[in-house]
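K.L.:
I'll drop the sequence and a predicted model, then ask my questions.
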Protein chains: 2
Amino acid sequence: MRTLFHMPLDPASRMIRIALAEKGLPAQLIEMRPWSDEDGALAAVNPAGTIPVLTDDAPTGEEVSISPAFAIIEFLEEAYSSEPLLPSTSAGRAEARRLTAWFLDKFETDVSAHTLRERIDKRLMRRGQPDYERLKAGAEALSWHLDYTSWLLEQRYWLAGERMTVADLAAAGQLSALDYIDLVPWDKFPSVKDWYARLKSRPSLRPVLRDRIDGLPPPAHYDNPDF
Amino acid sequence: MRTLFHMPLDPASRMIRIALAEKGLPAQLIEMRPWSDEDGALAAVNPAGTIPVLTDDAPTGEEVSISPAFAIIEFLEEAYSSEPLLPSTSAGRAEARRLTAWFLDKFETDVSAHTLRERIDKRLMRRGQPDYERLKAGAEALSWHLDYTSWLLEQRYWLAGERMTVADLAAAGQLSALDYIDLVPWDKFPSVKDWYARLKSRPSLRPVLRDRIDGLPPPAHYDNPDF
């Protein structure tokens, strides 16, 4: 049994769900709140207490728990050769991994730690109102990150080169979550919008774009590939 | 030409230096201060502006720039099969990667971001005195991390299993840097002390343990394997 411990609007969890779908690997989804692991179910599969975590017994029959997100991708690439998400050359793999870390770590710290955490996690935790200074700092950093993403996409069809890689999925995890709270100024960044429209039309994104949070609907364009 | 952009007391840079030495791969070292990249030398090899960064043209003749640290390890494992630093099984690789991320990210955030940054980086940046509240928080978290490390070493000879892996090098990068400022209470954690004594006796650690910061000598036991 393959199981993913995740949160619907967590960017790294979204990246892994899209990666599993691209590779044609079904997985049971178990929703987790890392801040309230009272029965220890998350700690049992990941002592660091973070999501996503994948458990998988398919390759050998022995269940393996894998985290964090980059290690899940390396595991999937090694265990399942279908639909590779990393290029075949050293230079290509280095670029795809660099940009995956960029979106998982730098974009997360600069943008999502401020915006998603203030708007979504605080709501789920019932811990007060968003801090508008942090939201503003996150929105400013987003603009800088979209400039860099545009610059990449002016030279390449996908973020790390001419083929779709895990770097695109890492960016899609972040931008799709931010788009849920309508924070992405798509019209100012047409090359990023074109790239995201291509991703949105892939079947792998559909389940992710169907997630809803009670009482917080996404904008009308959110799951429309033609936006 | 293989080149590592690093800082002497940066834990992730130390991990890569030890990994290169274990694999028998010489590299030119270029010291960088990520906070003062005035000529753009670091940004040219890593737009995220972080260290370590490895550049290597050996596999194909084309120079590749690789960062962050986890991507450098994956590159080295793929490009050079000598002295593997990841186990051969899925479960072993997952455990080595999980613990590598534990030391590179969680230990860094909980412990080194407080202690090393306050004691070393502020000194190098000439930006005032250490914040003693942060130092105290870091020392408390270190004690918890050493408990967890002890628990692992009571079940295994090396951190991720019966063989030395990149997880040991990630932990050695952190603990050797903290030991430079004499922050590790070795005698309270005998299984961690035994493990670190085994590592210290390896030739791969010697160049790292010879680093000195002007005006800030390490404790007498620092580079002695028999401490």
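P.N.:
Cool, got the structure.

K.L.:
contacts and neighbour counts: CA atoms only from here.
P.N.:
Will do.

K.L.:
pull the number of nearby residues for the closest residue to A:K23 other than its chain neighbours.
P.N.:
Sequence neighbours aside, A:E83 is the residue nearest to A:K23 in space, at 5.3 Å (criterion: C-alpha to C-alpha, 6 or more residues apart in numbering or on different chains). Counted by other C-alpha atoms under 10 Å in any protein chain shown, the residues lying close to A:E83 total 12.

K.L.:
need the three-state assignment for A:E83.
P.N.:
Three-state assignment for A:E83 (DSSP: H, G, I helix; E, B strand; the rest coil): coil.

K.L.:
quick check on it: phi, psi?
P.N.:
phi 40, psi 70 (degrees, to the nearest 10).

K.L.:
so it touches A:E22, yeah?
P.N.:
Yes: when contacts are counted by C-alpha atoms under 8 Å, A:E83 is listed as touching A:E22 (6.8 Å).

K.L.:
related to what we said a few turns ago, what about the residue nearest to A:K23, distance to A:G161?
P.N.:
16 Å (C-alpha to C-alpha, to the nearest Å).

K.L.:
if we ignore the residues flanking it in sequence, what's nearest A:I18?
P.N.:
Of all residues not flanking A:I18 in the chain, A:S204 sits nearest, at 5.3 Å (C-alpha to C-alpha, 6+ apart).

K.L.:
let me fix that: A:S112
P.N.:
Among residues not flanking A:S112 along the chain, A:G138 sits closest, at 6.8 Å (C-alpha to C-alpha, 6+ apart).

K.L.:
could I get the full set of strands for chain A?
P.N.:
A:3-6, A:28-31, A:53-56, A:64-66 (DSSP state E).

K.L.:
so A:L135 sits against A:A113, correct?
P.N.:
No: A:L135 is beyond contact range of A:A113, at 9.4 Å (criterion: C-alpha under 8 Å).

K.L.:
tell me which of these two has more neighbours.
P.N.:
For A:L135 versus A:A113, the count of surrounding residues by other C-alpha under 10 Å is larger for A:L135: 21 against 17.

K.L.:
tell me who's in contact with the nearest residue to the more buried one once chain neighbours are set aside.
P.N.:
Once flanking residues are discounted, A:L135 sits nearest to A:T115: 5.0 Å by C-alpha to C-alpha, 6+ apart. By C-alpha atoms under 8 Å, 6 or more residues apart in numbering or on different chains, A:T115 lies in contact with A:134-135, A:138-139, A:178.

K.L.:
got TSV for these, with pLDDT and distance to B:M15 too?
P.N.:
Below are the contacts of A:T115 laid out as TSV (pLDDT from 0 to 100; distance: C-alpha to C-alpha, whole Å):
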residue	pLDDT	distance to B:M15
A:R134	90	34
A:L135	90	36
A:G138	95	32
A:A139	94	35
A:L178	97	35
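
K.L.:
in ChimeraX, select just the buried ones from the residues you listed.
P.N.:
Those of these that count as buried under 16 or more other C-alpha atoms under 10 Å in any protein chain shown are selected in ChimeraX with:
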select /A:134,135,138,139,178
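
K.L.:
got a pLDDT number for the most centrally placed residue in chain A?
P.N.:
Nearest to the mean C-alpha position of chain A, by C-alpha atoms, centre = their mean, lies A:G173 at 2.4 Å. The per-residue pLDDT reported for A:G173 equals 98.

K.L.:
look up how far A:Y196 lies from it.
P.N.:
Distance from A:G173 to A:Y196, by C-alpha to C-alpha: 11 Å.

K.L.:
and if you look at A:P190?
P.N.:
Distance of A:P190 to A:Y196, given as C-alpha to C-alpha: 10 Å.

K.L.:
and those two? which has more neighbours close in?
P.N.:
A:Y196 (19 against 13).

K.L.:
quick one: contacts for that one?
P.N.:
Residues in contact with A:Y196 (C-alpha under 8 Å, 6+ apart) are A:A172.

K.L.:
give me that answer again for 10 Å
P.N.:
Applying C-alpha atoms under 10 Å, 6 or more residues apart in numbering or on different chains to A:Y196 gives the contacts A:168, A:171-172, A:175-176, A:186, A:190, A:225, A:227.

K.L.:
same check on A:R206?
P.N.:
A:18, A:21, A:199-200, A:223-225.

K.L.:
one more: A:P207?
P.N.:
A:P207 sits next to A:14, A:17-18, A:21 when contact means C-alpha under 10 Å, 6+ apart.

K.L.:
who does the residue lying closest to A:S65 once chain neighbours are set aside form a beta bridge with?
P.N.:
Spatially, and ignoring its direct neighbours in sequence, A:S65 is nearest to A:T55 (4.4 Å; C-alpha to C-alpha, 6+ apart). Beta bridges link A:T55 to A:T3, A:S65, judged by DSSP bridges.

K.L.:
wait, doesn't A:T55 sit right on A:L76?
P.N.:
No: A:T55 is not in contact with A:L76 according to C-alpha atoms under 10 Å; the separation is 11.2 Å.

K.L.:
what lies in contact with the helix or strand of chain A with the lowest mean pLDDT?
P.N.:
Comparing every helix and strand of chain A by mean pLDDT, DSSP states H and E singles out helix A:122-125 as the least confident one, with a mean of 81. Helix A:122-125 has contacts (C-alpha under 10 Å, 6+ apart) with A:33, A:35-36, A:116-117, A:128-131, A:213-214, A:216.
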